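Asks: mind folding the following:
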Amino acid sequence: QVQLVESGGGLVQAGGSLRLSCAASGRTFSTSAMGWFRQPPGKEREFVASISWSGANTYYADSVKGRFTISRDNAKNTVYLRMNSLKPEDTAVYYCAVAPYDSWSIYDYDYWGQGTQVTVSS
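Replies: Prediction:
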């Protein structure tokens, strides 16, 4: 079993920044790929970013490339998502998830957090 707990969401004005955190426990965090997904209101869950177990490889959705940065601290079993230059269209519930290998596909992630709300006002 793996437990994932996200934090750091909130209300921010357009152009602002937030940093999301996801604390993991249960499975060997340091050997698992991690991902961030989001689900905007009334829409399907979508890929945001992922990071390999070592942190050497990162992948981003085109919509966030250059604005968001994913990172991890294996000593703290935590993955982060730094979000800069936020836009109203970034408003969504953000989820972290764990996978056995790097992937942008929602179907490859087998454990999920409960989500944290990010709201960007215009």
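Asks: so what's residue 73 bridging to?
Replies: Residues in a beta bridge with residue 73, per DSSP bridges, are residue 78.
Asks: look up how far residue 40 lies from it.
Replies: Computed as C-beta to C-beta, to the nearest Å, the residue 73 to residue 40 distance reads 28 Å. From N, CA and C alone the C-beta is placed, and that goes for glycine too.
Asks: tell me where the model's unsure across this structure.
Replies: Where the chain drops to pLDDT under 70, the residues are 27.
Asks: how about the strands in it?
Replies: Taking DSSP state E as the criterion, the chain carries its strands at 3-7, 10-13, 18-25, 33-39, 46-51, 58-60, 68-73, 78-83, 92-99, 111-112, 116-121.
Asks: now for the third one, which elements pack on it?
Replies: So that's strand 18-25. strand 3-7, strand 33-39, strand 78-83, strand 92-99, strand 116-121 (3 or more C-beta pairs under 8 Å, 6 or more residues apart in numbering; DSSP states H and E).
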